[in-house]
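Chemist: Got a sequence here, can you build the structure:
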Amino acid sequence: MATPSSVVRLLRELVALPSVNPAFLPADDPRTGEGRMADFVAATAAREGLDVEFQEVSPGRRNVLARLTPSGPVRRRVLLAPHLDTVGNPNLDELLVPVVRGGRLTGRGACDTKGCVAAMLEAVRRVAKSGRRPAETEVVFLGLVDEENGQSGSRHYAKQATRPGYRADLAVVGEPTRLEVVTAHKGDVWLQVRTRGRAAHGATPHLGKNAVHAMMRVVDLLEVEYRAELAKRSHPLLGCPTVNVGAIHGGTQANIVPDDCVISVDRRTLPGESETQVRREVLELLEKHGVEATLDSLRTSACHPLETDPGLPLVVALRKAAGRRRTLGVHYFCDAAPLAEGGIPAVVFGPGDIAQAHTRDEWISVESLEGGAQVLESFLRGLG
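Modeler: Here you go, the predicted structure:
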């Protein structure tokens with residue numbers, strides 16, 4: 001059996017470290033939190049002579065920064081920014097035992113995004129070991145917390161982005177893109193729509209007003225008329241915006257006319273669209289058809305779309321290192337947009353396929369993992 005490469009060995013160690021986002025497990029569950037990942041990254045980077053610091057985001061949750069500094073003055077800065085947290089899984093304990101078989105490494109986070117952590121950290125490690133650091137360019141490995149829930153790690157860093165030592169000329173955000181360079185992604189608006197009625201006994205429904213029945217009209221209008229309207233819009237990399245009614249709750253039991261019903265709506269946005277616009281569109285649609293409902297946001301922070309100029313020199317350099325002729329767009333939201341809002345041009349790049357993210361038997365191909373480390377190493381060495 002062939003000896004695993006250094007990046008495969010690194011990923012195996014990372015997968016074995018539980019780092020489930022606290023939003024998905026009880027607070028006292030020993031598998032929750034990104035702390036073990038942050039400590040492991042810090043220790044690994046320190047052994048290679050990188051300057052390490054932690055950035056407290058919230059109690060017990062820290063971004064980790066590992067800096068590969070040039071020998072001369074810092075004139076530009078590049079961030080390699082994967083996230084450290086994962087989602088949970090019914091067979092989580094099994095997935096914390098990494099398995100390499102048939103050209104795949106299976107385990108929770110292998111694809112989303114410990115594969116990116118391994119490839120990015122390995123690339124920085126190789127450049128550091130070579131003794132030839134990029135001239136005038138500081139490379140920062142930035143391990144972020146909380147991408148899978150509220151993106152508090154990237155939002156916190158973005159607030160510091162104007163401070164000396166934190167401003168950056170490009171952030172390469174680690175997500176499984178199949179080694180494609182992504183310069184655009186959709187935003188995400190989550191809305192709660194509520195209809196109200198009047199309760200009555202199920203034996204005399206004519207004395208009540210059924211909130212669930214009213215919501216049926218809302219769902220139909222969103223899923224048919226509104227979806228058809230959205231299909232008329234398009235972005236060259238992202239296609240059309242979308243709407244999805246993901247959850248519905250109404251009533252308490254069969255023999256009571258329900259007086260309250262709520263749905264949760266996911267609306268994916270294109271560059272140029274805003275939550276204010278989305279809310280206005282939905283309300284106007286309902287008013288047009290005489291449906292009474294209220295709207296509330298389900299998010300505490302906006303999730304805006306991303307659109308980065310593919311002609312930026314550093315973006316072009318990454319694209320060439322990856323052997324790609326053009327950049328792409330993706331439908332999901334990630335840490336790239338919050339960093340971009342802080343003034344840092346951001347792209348998305350990494351090994352693995354998003355189709356494997358959050359799955360029951362999550363995996364990444366060894367070929368993609370090793371290819372990701374090689375592309376990133378080539379990109380960093382090309383910085384001079």
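Chemist: what separates Ala355 from His331, distance-wise?
Modeler: 12 Å (CB to CB, to the nearest Å). C-betas here are computed from N, CA, C, even on glycine.
Chemist: the more surrounded of these two?
Modeler: Set Ala355 next to His331 and count neighbours by other CB atoms under 10 Å: His331 wins out with 13 against 10.
Chemist: Contacts only, for the closest residue to the more buried one other than its chain neighbours.
Modeler: Excluding the flanking residues, the one nearest His331 by CB to CB, 6 or more residues apart in numbering is Lys186, at 5.3 Å. Shown in contact with Lys186 (CB atoms under 8 Å, 6 or more residues apart in numbering): 238, 241, 268-270, 305, 329-333.
Chemist: Any chance of a markdown table for these, columns pLDDT, distance to Val140 and secondary structure?
Modeler: Converted to a markdown table, the contacts of Lys186 look like this (pLDDT from 0 to 100; distance: CB to CB, whole Å; DSSP: H, G, I helix; E, B strand; the rest coil):
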| residue | pLDDT | distance to Val140 | secondary structure |
| --- | --- | --- | --- |
| Leu238 | 98 | 28 | coil |
| Pro241 | 98 | 34 | coil |
| Arg268 | 98 | 30 | strand |
| Thr269 | 98 | 30 | strand |
| Leu270 | 98 | 30 | coil |
| Pro305 | 98 | 25 | coil |
| Gly329 | 98 | 26 | strand |
| Val330 | 97 | 24 | strand |
| His331 | 96 | 28 | coil |
| Tyr332 | 95 | 24 | coil |
| Phe333 | 96 | 23 | coil |
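Chemist: of all the residues you listed, which comes closest to Leu369?
Modeler: Here the nearest of the contacts of Lys186 to Leu369, counting by CB to CB, is Val330; it sits at 19.2 Å.
Chemist: Could you pull out the helices in the stretch 101-250 of the chain for me?
Modeler: Ranges of helices in the stretch 101-250 of the chain, per DSSP state H, counting those that start in this stretch, are 114-130, 152-159, 211-220, 227-230.
Chemist: And for the shortest one, what's in contact with it?
Modeler: Okay, so that is helix 227-230. Counting by CB under 8 Å, 6+ apart, 240-243 sit against helix 227-230.
Chemist: Assign a three-state SS to the residue nearest to the spatial centre of the chain, would you?
Modeler: Compute the mean C-alpha point of the chain, and by CA atoms, centre = their mean the closest residue is Cys334, 2.8 Å away. Secondary structure, DSSP: H, G, I helix; E, B strand; the rest coil: Cys334 is coil.
Chemist: Help me confirm that it comes into contact with Glu147.
Modeler: Yes. Assessed by CB atoms under 8 Å, Cys334 is found in contact with Glu147 at 6.5 Å.
Chemist: Now the common contact residues for these two.
Modeler: By CB under 8 Å, 6+ apart, no residue touches both Cys334 and Glu147.
Chemist: still on that earlier bit, please tell me how far the residue nearest to His331 sits from Glu56.
Modeler: Counting by CB to CB - Lys186 and Glu56 are separated by 31 Å.
Chemist: again with Arg217
Modeler: 48 Å.
Chemist: Could you do Val15 as well?
Modeler: Val15 is 26 Å from Glu56, by CB to CB.
Chemist: before we move on, what about Ala119?
Modeler: Taking CB to CB, one finds Ala119 at 26 Å from Glu56.
Chemist: Give me the buried positions along stretch 117-129.
Modeler: 117-128 (16 or more other CB atoms under 10 Å).
Chemist: Could you do stretch 377-384 as well?
Modeler: Those buried within stretch 377-384 under the rule 16+ other CB under 10 Å are 377-381, 383.
Chemist: what's the closest of those residues to Glu287?
Modeler: Phe379 (51.3 Å).
Chemist: if we can go back for a sec, the residue nearest to the centre of the chain - nearest residue in space that isn't next to it in sequence?
Modeler: In space, Cys334 is closest to Glu175, 5.2 Å off (CB to CB, 6+ apart).
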